[in-house]
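K.L.:
need coordinates for the below:
(2 chains)
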Amino acid sequence: MNDRPPILEIRGLRKKFGDVEVLRGIDLAVLPQELVFVIGPSGSGKSTLLRCCNRLEEASAGSVRVDGADLMARSTNVNAMRRRIGMVFQSFNLYPHMTALGNVTLALCKVLGQPRAQADRIGMAALDRVGLADKSRSFPGELSGGQQQRVAIARALALEPKIMLFDEPTSALDPELVGSVLNVMRELKRGGMTMLVVSHEMRFARDAADRVIFMDHGVIVEQGRPQEIFSAPRETRTQAFIAELIR
Amino acid sequence: MEAWPRFTETFFKWSVIVHYCPAIANGVVVTVEIAVAVVITGILLGIVLAFVRAFRVLAINALIVVFVDMLRALPPLVLILLVYFGLPSVGIRLSSFAVLWLVLALVLAAFAEEIFWAGILSIPKGQWEAARSTGLGFLGTLAYVVLPQAIRLTVPPLTNRTIAITKNTALGTVIGVGEILNQATTAESFSGNATPLMMGAIAYVLLFLPVVALGRFLETRFAWRRV
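P.N.:
Numbers count the residues shown, from 1 in each chain, chains lettered A, B, ... in the order given. Here you go, the predicted structure:
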């Protein structure tokens, strides 16, 4: 796709919960402006993989480099790294006691130390990008699920991340609200954002993803262009999963 | 004597009311002073303890739990007597006012800590993760994201507990704090009439009824829709 070094580089990543090894040696590189899509059955380790990429989950072994910096190194300031890695959660996780704008500007004010006026300006611009500038004063409880998820995207976006991680961003949404969130993600892709997405939205994957990764039992079974994975998967496990997904 | 005149003579004797009104009023002032001091210091200390506990340092948390459980288990009167009559023997002299304040504030702090801690625990993990994923540290997340939500959740139980404990200011009478009940019992023994006790009871109602109403208002005010 391009020759620049990867934004996200995962090597030999392993994660154990007690005796259960959820990730069993993952190697993955995400290039600048690439949209990588991760699919796989539940329990395959997709979410854990994503959560290891900003250390919400501590890996048991292996390395994760973001924009060249070793995420696991002792000398690494994990908070400084995290603000370059946007994360969007399945359950939105907006702060219910703050307005949409308050949600977006909290980290700008308290992490980056920006003055109120500047944070508000950046926050409004981020809300505008997700089409919700008019809802800046609304509280999460007053917004639909789709709007909440777009505010959550704006919250990550405002920090100008190098990469954005999406953990099943549309799974908690009513079907009619999914489109608005996917449209925002398409816009991000068009704007050149690097993205790693765990999701089951196949139609979206087909027309937006550069690469689809199929995971099962903590390993990457197969990866390739969306058409290859969805139309002509090579591995039997992938075939079975795709057949299940399409049915 | 007829029953009704006897009743009014016992509980609402006008001359006694007039004579002891200033004393009861003094008692009200003292009760308010102690109550306000107890509420402010007790709740603040409770927040601080819950905040410290959130760091989950094993040894410190064990101390907090022991402190909290002891104070919740002991009747406040026992503590008041213990501190008031015990401390002078080790050379620490505190006024009866200070003892009452200290004990009730510690008891309120113990209950408040438990309530705040329950509030902190009830905030979904996703709130922590969302805040941490934006680069906010543990302290910032606790201060800006978790505590503001936890405190709102705790308003109803905390209000009830606060009212219950501030009413315990009446226990100060046993160590001679000049609060309402103390003034009333003194007046009762001087006058040989129960009217001052009735005045005290009415003073308590007038004092705490608005607080109870305020509690009710706060409960509805802070019961905002959770997402």
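K.L.:
which residues of chain B score low on pLDDT?
P.N.:
B:1, B:222-227 (pLDDT under 70).
K.L.:
what helices and strands are in contact with the top helix by length along chain A?
P.N.:
Longest helix in chain A by number of residues, with DSSP state H as the criterion: helix A:175-190. Under the contact definition 3 or more CB pairs under 8 Å, 6 or more residues apart in numbering or on different chains; DSSP states H and E, helix A:175-190 sits against helix A:145-157, strand A:194-198, helix A:202-208. C-beta: built from backbone N, CA, C; applies to glycine.
K.L.:
out of the ones you listed, flag the one nearest A:H217.
P.N.:
Among these, strand A:194-198 comes nearest to A:H217, with 15.8 Å by CB to CB.
K.L.:
direction included, what does that closest one pair against?
P.N.:
strand A:35-39 (parallel), strand A:163-167 (parallel) (DSSP bridges).
K.L.:
just put the ones you listed in TSV and tack on mean pLDDT and mean neighbour count.
P.N.:
Shown next, in TSV, are the strands paired with strand A:194-198 (pLDDT from 0 to 100; neighbours: other CB atoms under 10 Å in any protein chain shown):
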stretch	mean pLDDT	mean neighbour count
strand A:35-39	96	25
strand A:163-167	97	24
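K.L.:
format those as CSV; extra columns: distance to A:A152.
P.N.:
CSV is the format used below for these (distance: least, CB to CB, whole Å):
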stretch, distance to A:A152
strand A:35-39, 18
strand A:163-167, 10
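K.L.:
circling back to that earlier point, got a list of contacts for the longest helix of chain A?
P.N.:
A:35, A:129-131, A:144-147, A:149-150, A:153, A:157, A:164, A:166, A:169-170, A:173, A:195, A:197, A:201, A:204, A:208 (CB atoms under 8 Å, 6 or more residues apart in numbering or on different chains).
K.L.:
average pLDDT across that helix?
P.N.:
What helix A:175-190 shows for mean pLDDT is 94.
K.L.:
show me what counts as buried in that helix.
P.N.:
Within helix A:175-190, the residues scored as buried using 16 or more other CB atoms under 10 Å in any protein chain shown are A:L177, A:V178, A:S180, A:V181, A:L182, A:V184, A:M185, A:L188, A:K189.
K.L.:
nearest to chain B among the residues you listed?
P.N.:
Lowest distance from chain B to the buried residues of helix A:175-190 (CB to the nearest CB) belongs to A:L177, with 14.9 Å.
K.L.:
interface residues of chain A facing chain B?
P.N.:
A:54, A:56, A:79-83, A:85-87, A:89, A:91-97, A:106-107, A:110-111, A:140-141, A:148, A:152, A:155-156, A:159 (CB under 8 Å from any CB of the partner chain).
K.L.:
got the CA positions of stretch B:136-153 in CSV?
P.N.:
The C-alpha trace of stretch B:136-153 is given here as CSV (Å, rounded to 0.1, in the frame of the first residue of the first chain):
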residue,chain,number,x,y,z
LEU,B,136,-6.1,10.6,31.6
GLY,B,137,-4.2,9.1,34.6
PHE,B,138,-5.6,7.2,37.5
LEU,B,139,-6.0,10.3,39.7
GLY,B,140,-7.6,12.4,36.9
THR,B,141,-10.0,9.6,36.1
LEU,B,142,-11.0,9.3,39.7
ALA,B,143,-11.4,13.0,40.2
TYR,B,144,-13.1,14.1,37.0
VAL,B,145,-15.0,11.0,35.8
VAL,B,146,-15.6,8.5,38.7
LEU,B,147,-16.1,10.6,41.8
PRO,B,148,-18.5,13.1,40.3
GLN,B,149,-20.8,10.2,39.3
ALA,B,150,-20.2,8.3,42.5
ILE,B,151,-21.1,11.3,44.6
ARG,B,152,-24.4,11.7,42.8
LEU,B,153,-25.3,8.1,43.4
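K.L.:
what does that stretch contact?
P.N.:
With CB under 8 Å, 6+ apart, stretch B:136-153 has contacts from A:79, A:95-97, A:106-107, A:110-111, B:47, B:50-51, B:54-55, B:116, B:119-120, B:122-123, B:127-128, B:130-132, B:222, B:224.
K.L.:
how about B:N61: what's its closest non-neighbour residue?
P.N.:
Distances taken as CB to CB, 6 or more residues apart in numbering or on different chains place B:R53 nearest to B:N61, at 5.4 Å, with adjacent residues excluded.
K.L.:
and that neighbour, how far is that from chain A?
P.N.:
From B:R53 across to chain A, the span is 21 Å (CB to the nearest CB, to the nearest Å).
K.L.:
wait, that residue sits on B:I64?
P.N.:
Yes - applying CB atoms under 8 Å, one finds B:R53 in contact with B:I64, separated by 5.3 Å.
K.L.:
quick check: neighbours shared by these two?
P.N.:
Common neighbours of B:R53 and B:I64 (CB under 8 Å, 6+ apart) are B:E113.
K.L.:
span of stretch A:216-225 from start to end?
P.N.:
18 Å (CA to CA, to the nearest Å).
K.L.:
and for the closest residue to A:R84 other than its chain neighbours, the neighbour number?
P.N.:
The shortest distance from A:R84 to any non-neighbouring residue, by CB to CB, 6+ apart, is to A:K162 (4.7 Å). A:K162: 19 surrounding residues under other CB atoms under 10 Å in any protein chain shown.
K.L.:
report pLDDT for A:K162.
P.N.:
95.
K.L.:
quick one, phi psi at it?
P.N.:
Per-residue torsions, A:K162: phi -80, psi -30 (degrees, to the nearest 10).
K.L.:
next up, the contacts around it.
P.N.:
Contacts of A:K162 by CB under 8 Å, 6+ apart are A:I7, A:V66, A:D67, A:R84, A:I85, A:T194.
K.L.:
any residues of chain B in contact with chain A? List them.
P.N.:
B:124, B:126-127, B:129-137, B:140, B:144-145, B:148-149, B:152, B:224-227.
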